[in-house]
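Q: okay, predicted coordinates and the sequence, questions at the end:
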Amino acid sequence: MSSNDWEENWKEDEKLKWDPGFDLGYGEIDDEHRIFHGLIVDFQEAAIQHASKEKLLGILHEITEYAEFHFSSEEKIMAACQYTELDEHAALHHTLLAEARDAYTQFQQDEIDPAHLYEFLLNWFATHTSKEDKKLVQYINQERVTTRHSSKQVAAGAPTLRHGGR
């Protein structure tokens, strides 16, 4: 596709802005999501400014590398909290990375234009974050509440031990 084909579809006034709704309530994940979001904004702005294909490919490569880091980070968090859907979530990460690599190749071979690539990135970020990552954070928060509640119950209901535990 020529750059004129996608320019007609691009809406410059639709620049992606951080929405507080993207925050999930888990600092490390939210911080990484902000960085990931910023890279997508970088891609969008470069595309709007008609940056070279090489520059856009460079940003896309950076997005993919950061996604690999972020997914690994999330999977460590999932393992640490014994997340019951770790395998399913990790499989989604694997699929998303494969899709990103495929999109990179398609863009490199002029099979998709920057606007469609941006839509892919935006949907990837918004859908995975709002559904799968939200479930993870809800699980973590529920585990925290359950752990705190269980600790308080044990402390409140524990007998007073005297005579060395007898």
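A: Structure received.
Q: which element follows the helix-or-strand element of the chain with minimal mean pLDDT toward the C-terminus?
A: Least confident helix or strand, the chain: helix 3-7 with a mean of 49, by mean pLDDT, DSSP states H and E. Later in the chain than helix 3-7, the nearest helix or strand by DSSP states H and E is helix 27-48.
Q: pull the residues that contact that following helix.
A: Helix 27-48 is contacted by residues 10, 12, 15-16, 18, 22-24, 55-56, 59-60, 62-63, 66-67, 70, 73-74, 77, 114-115, 117-118, 121-122, 125, 129, 133, 136-137 when judged by C-beta atoms under 8 Å, 6 or more residues apart in numbering. C-beta here means a position set from N, CA and C on the backbone, and glycine is covered the same way.
Q: go again with 6 Å.
A: 12, 16, 18, 23-24, 55-56, 59, 62-63, 66, 70, 114, 118, 121, 125, 129 (C-beta atoms under 6 Å, 6 or more residues apart in numbering).
Q: now do stretch 117-137
A: Counting by C-beta under 6 Å, 6+ apart, 24-26, 33, 40, 44, 89, 92, 103, 107 sit against stretch 117-137.
Q: what about Y139, how many residues close to it?
A: 16 (other C-beta atoms under 10 Å).
Q: ok, now L92?
A: 15.
Q: which element is it on?
A: Applying DSSP H and E, one finds L92 within helix 86-108.
Q: that helix - contacts with which helices or strands?
A: Judged by 3 or more C-beta pairs under 6 Å, 6 or more residues apart in numbering; DSSP states H and E, the packing partners of helix 86-108 are helix 53-80, helix 114-127.
Q: need the contacts of stretch 117-137 in JSON lines (columns: distance to N141).
A: Listed next are the contacts of stretch 117-137 as JSON lines, based on distance: C-beta to C-beta, whole Å:
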{"residue": "L24", "distance to N141": "9"}
{"residue": "G25", "distance to N141": "7"}
{"residue": "Y26", "distance to N141": "8"}
{"residue": "H33", "distance to N141": "16"}
{"residue": "I40", "distance to N141": "26"}
{"residue": "Q44", "distance to N141": "31"}
{"residue": "H89", "distance to N141": "16"}
{"residue": "L92", "distance to N141": "20"}
{"residue": "A103", "distance to N141": "33"}
{"residue": "F107", "distance to N141": "38"}
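Q: rank the helices and strands packed on helix 86-108 by pLDDT, which is bottom?
A: Here these differ in mean pLDDT, and the lowest is helix 114-127 at a mean of 92.
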